[in-house]
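*Asks:* Just need the structure, nothing else, for what follows:
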Amino acid sequence: MNQTMTLQKMLQQIGSGSRRLLRQAIADGRVEVNEQVVRDPGLPVTPGVDRIRLDGQALDATLQKTSYFAFHKPDGVVSTLVDPQGRPTISHYLKGIRERVYPIGRLDFHSEGLILLTNDGDFANLVLAPKNRIPKVYELKIKGELSPQERERFSHGVVLDGQRLQPFQIRSLRKTAGGHSWILVTIHEGKKHILRRAFLYAGHPVERLKRVMVGTVKLGSIPAGHWRELTRQEVDTFRRAYPEQESRPPQKRTGVRPPRPSPAPPTRPGAPTGKGQASPPARSRAMTARPAPAGARPPRGAPVTPAKSRPRPPRTGAAGSPRPQARTRRPARKS
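*Replies:* Numbering: from 1, shown residues only. The predicted model follows:
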């Protein structure tokens, strides 16, 4: 009996890509279900019944068994399956794997070491999600030697590009004849070029970088360019050691201000206060009233007394004589 599942989960289980890449492909309209473009990753589909296309190519919706591999990426290889620039990719070394798997995370072009491969989208998200804080261990060859003060700064988290990084756990391994150092560094975040940039800023450029452990999976003695399949016991041990953490929902601002405290009610003159004392009597307005200055307007609500009507004095001209009235000219008669 065919099982109905979401479109994104089905694409992950048939090995079409990681969760992040598949969600982006669905949002870009590159996925078709029954000749219809679909942009909802949660669309219910039935493998073997619905016809699925990705980038115009029909997909075999036969569900594969979930597989997990540890791969030793060599130096000078891109940690993706396809590279637009034509550089060598890890797909050249995965021809012996029957399932369609994809890498979990990446390593720099000039870095080497452990990369996990799988077709299990839930496991890939467990490893990549920052909230789960999966530790990743690297062997670094740096220029010079770290001082105790520099180790202290790294253990508290250095500031890079205005952002404080999570603390580094550093352990010395050995020194070289040329004055360089091999150290073991454990980090819990996966920002781009985080180790190379952090040690370059500290004045100790990284000359070699090799990842030797992810979670509970170790690189061990796998030669460069080779892989081995993880056992079910190794995968179960990884899941038990680092269970999926719940993400905290973002706190939304409601925009409502808290109510202001109400003012204390007025007290009657002579009424006892909280300490058993009587409040002083209020001063009457008659005692405190002051005469209003000349020309000031009466207060609002006060009765207005009409002014006495006085005869208007006649308009005078120069030297106090009455101003003569202007004569009006008669219009000239027409002859």
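*Asks:* Check what contacts stretch 48-67 and list those residues.
*Replies:* Stretch 48-67 is contacted from outside by 2, 7, 10-11, 13-16, 25, 30-35, 45, 47, 97, 99-101, 118-120, 123, 229, using CB atoms under 8 Å, 6 or more residues apart in numbering. For the C-beta atoms, the positions are set from N, CA and C on the backbone; glycine is no exception.
*Asks:* Among these, name the ones in helices.
*Replies:* 7, 10-11, 13, 25, 123 (DSSP state H).
*Asks:* how about the helices of the stretch 151-300 of the chain, start to end?
*Replies:* 194-201, 232-241, 285-288 (DSSP state H, counting those that start in this stretch).
*Asks:* Quick one: buried ones out of the contacts of stretch 48-67?
*Replies:* With burial judged by 16 or more other CB atoms under 10 Å, the buried subset of these is 7, 10-11, 13-16, 25, 30-33, 45, 47, 97, 99-101, 118-120, 123.
*Asks:* Next, format the helices of the stretch 151-300 of the chain as JSON lines and append mean pLDDT, mean neighbour count and distance to Asp83.
*Replies:* Shown next, in JSON lines, are the helices of the stretch 151-300 of the chain (pLDDT from 0 to 100; neighbours: other CB atoms under 10 Å; distance: least, CB to CB, whole Å):
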{"stretch": "helix 194-201", "mean pLDDT": "93", "mean neighbour count": "18", "distance to Asp83": "20"}
{"stretch": "helix 232-241", "mean pLDDT": "95", "mean neighbour count": "13", "distance to Asp83": "29"}
{"stretch": "helix 285-288", "mean pLDDT": "48", "mean neighbour count": "6", "distance to Asp83": "90"}
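*Asks:* can you redo these as CSV with distance to Leu21?
*Replies:* Listed next are the helices of the stretch 151-300 of the chain as CSV, based on distance: least, CB to CB, whole Å:
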stretch, distance to Leu21
helix 194-201, 21
helix 232-241, 22
helix 285-288, 81
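*Asks:* Nearest to Ala224 among the ones you listed would be which one?
*Replies:* Ala224 sits nearest to helix 194-201 of all these, at 19.5 Å, using CB to CB.
*Asks:* Go through the ones in helices among the contacts of stretch 48-67 and say which is closest to Arg211.
*Replies:* Nearest to Arg211 out of these is Phe123 (CB to CB; 17.9 Å).
*Asks:* Please look at the closest one and Tyr68 and confirm they touch.
*Replies:* Yes. Counting by CB atoms under 8 Å, Tyr68 is a contact partner of Phe123 at 6.9 Å.
*Asks:* Give the burial count for Pro103, as a bare number.
*Replies:* 22 (other CB atoms under 10 Å).
*Asks:* Just to be sure, it is in a helix?
*Replies:* No. Counting by DSSP: H, G, I helix; E, B strand; the rest coil, Pro103 is not found in a helix; it is strand.
*Asks:* ok, it - contacts?
*Replies:* So Pro103 contacts 71, 79-81, 90, 115-117 (CB under 8 Å, 6+ apart).
*Asks:* Out of those residues, which end up buried?
*Replies:* By neighbour count, with 16+ other CB under 10 Å, these hold 71, 79, 90, 115-117 as buried.
*Asks:* Would you map out the domains in this protein?
*Replies:* Domain assignment for the chain by automatic domain parsing gives 5-58, 65-131+221-245, 135-214.
*Asks:* what about the longest one, how long is it end to end?
*Replies:* Put plainly, it is domain 65-131+221-245. 25 Å (CA to CA, to the nearest Å).
*Asks:* Okay, now the unreliable bits of this protein?
*Replies:* Scanning the chain for pLDDT under 70 picks out the ranges 1-2, 15, 18, 61-63, 247-335.
*Asks:* Let me know how buried Gly203 is, in neighbour terms.
*Replies:* 11.
*Asks:* From Ala202, how far out is the nearest residue to it once chain neighbours are set aside?
*Replies:* Leaving out its chain neighbours, the residue that sits closest to Gly203 by CB to CB, 6 or more residues apart in numbering is Gly144, at 7.2 Å. Distance, Gly144 to Ala202, by CB to CB, to the nearest Å: 10 Å.
*Asks:* Settle it for me: which of the two has more neighbours?
*Replies:* Legend: neighbour count by other CB under 10 Å for Gly144 and Ala202, higher for Ala202 (17 against 14).
*Asks:* And the more buried one, its phi and psi?
*Replies:* phi -80, psi 0 (degrees, to the nearest 10).
*Asks:* any idea what sits nearest it, other than its immediate chain neighbours?
*Replies:* Spatial nearest neighbour of Ala202, chain neighbours left out: Glu150 (5.8 Å); criterion: CB to CB, 6+ apart.
*Asks:* looking at it, that neighbour is touching Phe199, isn't it?
*Replies:* No. Using CB under 8 Å, Glu150 is not in contact with Phe199, being 9.5 Å away.
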